Each structure stands twice: as C-alpha cells, then as structure tokens.
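Trainee: sequence and computational prediction follow.
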Amino acid sequence: MYVAVKGGEAAILATHDLVAEARRGDAGVPEISVAQIREQQGLACARVMNEGSLYDADLAALALKQAQGDVIEAAFLMRAYRTTLPRFGSSEPVDTAQMAIRRRVSATYKDLPGGQVLGPTYDYTHRLFDFALMDEPRPASSPLGGEGWGEGRQNGEGLTETASLLSSDPAAPGHLLPHGEKESAPLDAHMPRVPDILGAEGLMEPEIAPEGDPRPFDLTREPVSFPADRDVRLQAMARGDEGFLLGLGYSVQRGFGGNHPFVGEIRVGEVSVEFIPEELGFAVDLGEITLTECQMVNQFAGSKDVPPQFTRGYGLAFGHSERKAMSMSLVDRALKAREFGEAAEYPAQQDEFVLYHSDNVEAAGFVEHLKLPHYVDFQGELELIRRIRREREARLAAEPETLPEAAE
C-alpha cells in the first residue's frame, strides 16, 4: 500500500510539471504577463472577479494566467484565496447615483436627462475579424484607430473623452469629430436614474429598505434557507455563472417567465467605497471600484391592492460586465414572482433552482469529481449487475419453454 501511495504521489507531482509546460506553451513565443492580461483582457478579468467574489484586477489576471484562461478554474483560485483574507466588516452602501460615468444608455428614453453616453462598447461593431491585431505590437493608439481621437481618459470630474466622442447626439460637445480633431467636455453632472424618473410619477414600484436596515446576509458564512430573501438572491447571482444566468434570462424573454423587459438604464463607471472603522466612528474613503449597474423595467398589470405600474429587476457586477448585470436583472425580476402574486412556474422563477445551480465553482466541482477514482463504488455496482443477470438467467432456465401459438 505504501508503494502505491508513493507512486500515486509521484504521478500527481509529474502532472504539475506537465501543467506548467502546457501553460507556458511554445517557449519561442513571448510569455504573456499578468499586467498584459489585466490591461488587455479586462472583460475576462471582470468575470473572474465577479464569479470569484473578490475585487482585485491583478489577482484576477494572475488567476487567468495560472488557469490557462479557464474562467471557472480562475474563479476557484480567487475564492480559495479569498478565504484566507481577514474580514474587517461591511462597507457602506455604494451610491451608484454618484457614479463617475464611463457608459450610460437607456432603451426607454431617447432624450434621457443627462444624455446617452455610448462609451466603449461592442454593440455597434461589425462581427468581423480584425486581422491587424495579429500584426506585431504597435505603439498605443486610441480605440478608434487615430491619434486625433480621445483615449477614453477619465478624471475625478467625470471627463470622459471617448464617451463624449461617441455621443449619439450630434449637437453634444465632442460628438464624432473629423480625424485629427478632438474636443473634450465634462459630462452632465445630473444623471438621474430612469427608475427614479418613473418613481417620481408614481409609476415604478418603490424600493423600501427592511426595517432597521440590517447587515446584508453573507451566504459564504451562513446557510441559505428557502424561500430566500432578495439580498441573498442578488448576492448569489452576483457570484453566479454568467452563462447560466444568461440562459435563464433568455428563457424569461422567450416566455418562460411572463415578463416583457425594457432596459431602463445601464451605467458603467467608478464609485467610491467607504468603510466606518469602529475606533473612528465616521466613514473613510477606501478608494474607487468599477461597477456595472442595470435596472430592467417590466410591466405589471396590477392586483387587488396594487395599481398597474412598472416593476424593476436589478443587477450589479464588478468591472465592465453588462451581459452579467443584464442577466441578473432579468432573473431578479423573475424571482420576484411570488411577491407580486404571480405563479412561479418556470426555472428562472424558482429561487432554489437558481441559487443552487448558478454557482459554477460548486457545479464544476460536483461534475468534475466524477473523474476521480470510484473503484470501490463501481466494483459494488458491477457485482450487483452480475448477480442480477445470474438470477435472471436462472429464472428463465427454470421456466417451461412456451411455443408460439399456431396461426389460425
């Protein structure tokens, strides 16, 4: 037995060397750095931060490099590291209304107060390969390919050159300018959120904080019970698998949820994070993080006690993560079905189904554990099948042979 254990250990150690060799690839190709991944694969880093439940772009980039780009494995690395970190407490709620906007769009209002800010997005690009990206690295240039275009720079006053350059309003300062010319203008400081505009007319369901504004539930430290409260659901979806939530959100749109959603508003930008140390008693600014917020607007025909109004679905994610935030907001509204007296008939409306199956680290662990040795279990089932077959053959041998009835 000792020899077998040592042999197994040696084999496992050898796989570590093979993984390192596979990760490095062709030694003739320059090795990619963590900084390159962080700066040039920002959307992948954002997904790892979300599903790993830890905001740290450097660690997310390191996890992606170590996992050879496997997002789930990278999220697993982030969560494992997160468990080693000391916990000081909960930060103050971030105020997304004061976000330093990089991107802000709405599908409900054309003339949105504060303006539409297209910012960096693939929404209007052609899905064609840019083979120029395969060429040797070139000096850094603007996203639009010319030295005269804005660089997407943003300062504390919300000045975003790329955002204003991509404004959909030709009259807006810094709209698409001829090559070689650029103009910068601060964005409108007043950018009310669309649900707040509807709420001022009494057309949007109110958001009422629980009495006493209790500390948020922490599903990493406390067992989840069902039916789950909304803070638990949102927390689980924030770290849930983007693809799984996307599929559920798509199912809602296809009729497996009974909602007709509109994108009330998507905003991407930086917000300040504050923390109140016990020894000080007042808030201390810890810095800024990039967030994506989506508020989905849905129709509601009303009930006996509630007049017809719009209801909301909410999504908030680390980094530039529009697809994740939109999927969250769709499923969030679907999970509120019981609160509005609607029948919960579909997977996206079942909180137990969504919360238990959206965690890709747990799901991957349960699926991939099938690769590990199950020799004893299989030998037991193999012997069971053999015994059942022997008993069946013996029973058939003991029964008298029956001849087919003659045809009339």
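Mentor: Looks like it arrived, so ask away.
Trainee: tell me the SS of the residue lying closest to residue 121 once chain neighbours are set aside?
Mentor: Spatial nearest neighbour of residue 121, chain neighbours left out: residue 103 (6.5 Å); criterion: C-beta to C-beta, 6 or more residues apart in numbering. (C-beta placed from N, C-alpha, C; glycine too.) Put simply, residue 103 is strand when judged by DSSP: H, G, I helix; E, B strand; the rest coil.
Trainee: likewise for residue 293?
Mentor: Three-state assignment for residue 293 (three-state DSSP): strand.
Trainee: which residues does the residue nearest to residue 121 contact?
Mentor: 117-121, 163, 266-269, 320 (C-beta atoms under 8 Å, 6 or more residues apart in numbering).
Trainee: let me see the contact set for the residue nearest in space to the middle of the chain.
Mentor: The C-alpha lying nearest the average C-alpha coordinate of the chain belongs to residue 324 (C-alpha atoms, centre = their mean; 3.9 Å). The contact partners of residue 324, by C-beta under 8 Å, 6+ apart, come to 47, 50, 242, 245, 292, 315, 317.
Trainee: what residues of whatever helix or strand residue 267 lives in count as buried?
Mentor: Residue 267 is part of strand 261-275, with elements assigned from DSSP states H and E. Judged by neighbour count (16 or more other C-beta atoms under 10 Å), strand 261-275 contains these buried residues: 261, 263-274.
Trainee: show me what that strand is packed up against.
Mentor: In terms of contacts (3 or more C-beta pairs under 8 Å, 6 or more residues apart in numbering; DSSP states H and E), strand 261-275 is packed against strand 100-105, helix 194-200, strand 284-300, helix 322-335.
Trainee: export those to a markdown table and tack on mean pLDDT and distance to residue 384?
Mentor: Converted to a markdown table, the helices and strands packed on strand 261-275 look like this (pLDDT from 0 to 100; distance: least, C-beta to C-beta, whole Å):
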| stretch | mean pLDDT | distance to residue 384 |
| --- | --- | --- |
| strand 100-105 | 93 | 59 |
| helix 194-200 | 84 | 59 |
| strand 284-300 | 93 | 51 |
| helix 322-335 | 96 | 42 |
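Trainee: pick the most deeply packed of those.
Mentor: Among these, helix 322-335 has the highest mean neighbour count (mean count of other C-beta atoms under 10 Å), at a mean of 27.
Trainee: how's this protein carved up into domains?
Mentor: The chain breaks down by automatic domain parsing into domains covering 2-82, 132-186, 194-365.
Trainee: what are the ranges of the helices in the protein?
Mentor: Using DSSP state H, the helices assigned to the chain run over residues 2-24, 34-40, 42-52, 57-66, 71-82, 161-165, 194-200, 230-238, 242-253, 322-335, 351-357, 360-368, 375-398.
Trainee: one step back: next one: the residue nearest to residue 121 relative to residue 260, how far apart?
Mentor: 25 Å (C-beta to C-beta, to the nearest Å).
Trainee: can you list the low-confidence ranges for this protein?
Mentor: Flagging of the chain using pLDDT under 70 yields the residue ranges 1-7, 138-185, 401-408.
Trainee: rerun at 50
Mentor: 1-5, 142-182 (pLDDT under 50).
Trainee: without its sequence neighbours, what residue ends up closest to residue 101?
Mentor: Leaving aside its chain neighbours, residue 101 sits nearest to residue 269 (4.5 Å; criterion: C-beta to C-beta, 6+ apart).
Trainee: wait, I meant residue 303
Mentor: Leaving out its chain neighbours, the residue that sits closest to residue 303 by C-beta to C-beta, 6+ apart is residue 341, at 5.4 Å.
Trainee: quickly note the distance from the one you found to residue 208.
Mentor: The gap separating residue 341 from residue 208 is 18 Å, by C-beta to C-beta.
Trainee: any idea how far residue 110 is from the residue nearest to residue 303?
Mentor: Distance, residue 341 to residue 110, by C-beta to C-beta: 33 Å.
Trainee: same deal with residue 33?
Mentor: Per C-beta to C-beta, residue 33 is found 44 Å from residue 110.
Trainee: again with residue 102
Mentor: 21 Å.
Trainee: what of residue 221?
Mentor: Relative to residue 110, and taking C-beta to C-beta, residue 221 is found at 45 Å.
Trainee: quick revisit: can you get me a residue count around the residue nearest to residue 303?
Mentor: Residues near residue 341, counting by other C-beta atoms under 10 Å, number 10.
Trainee: cool, and residue 39?
Mentor: 12.
Trainee: likewise residue 250?
Mentor: 14.
Trainee: returning to that earlier point: my read: the residue nearest to residue 101 touches residue 102, true?
Mentor: Yes - using C-beta atoms under 8 Å, residue 269 is in contact with residue 102, at 4.6 Å.
Trainee: overlap in contacts, the two.
Mentor: Shared contacts of residue 269 and residue 102 (C-beta under 8 Å, 6+ apart): residue 290.
Trainee: between the helices and strands packed on strand 261-275, which gets nearest to residue 228?
Mentor: For those, proximity to residue 228 was assessed by C-beta to C-beta; helix 322-335 is nearest, at 8.4 Å.
Trainee: so how far is that closest one off the chain centroid?
Mentor: 9 Å (C-alpha atoms, centre = their mean, to the nearest Å).
Trainee: residue 31 and residue 24 touch, don't they?
Mentor: Yes - with contact defined as C-beta under 8 Å, residue 31 reaches residue 24; the gap is 6.7 Å.
Trainee: run a quick neighbour tally on residue 63.
Mentor: By the criterion of other C-beta under 10 Å, residue 63 has 28 neighbours.
Trainee: now for residue 353: which residues touch it?
Mentor: Taking C-beta under 8 Å, 6+ apart as the test, what residue 353 contacts is residue 347.
Trainee: sorry, back to before: want to throw the domains of the chain into JSON lines with distance to residue 387?
Mentor: Below are the domains of the chain laid out as JSON lines (distance: least, C-beta to C-beta, whole Å):
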{"stretch": "domain 2-82", "distance to residue 387": "29"}
{"stretch": "domain 132-186", "distance to residue 387": "61"}
{"stretch": "domain 194-365", "distance to residue 387": "33"}
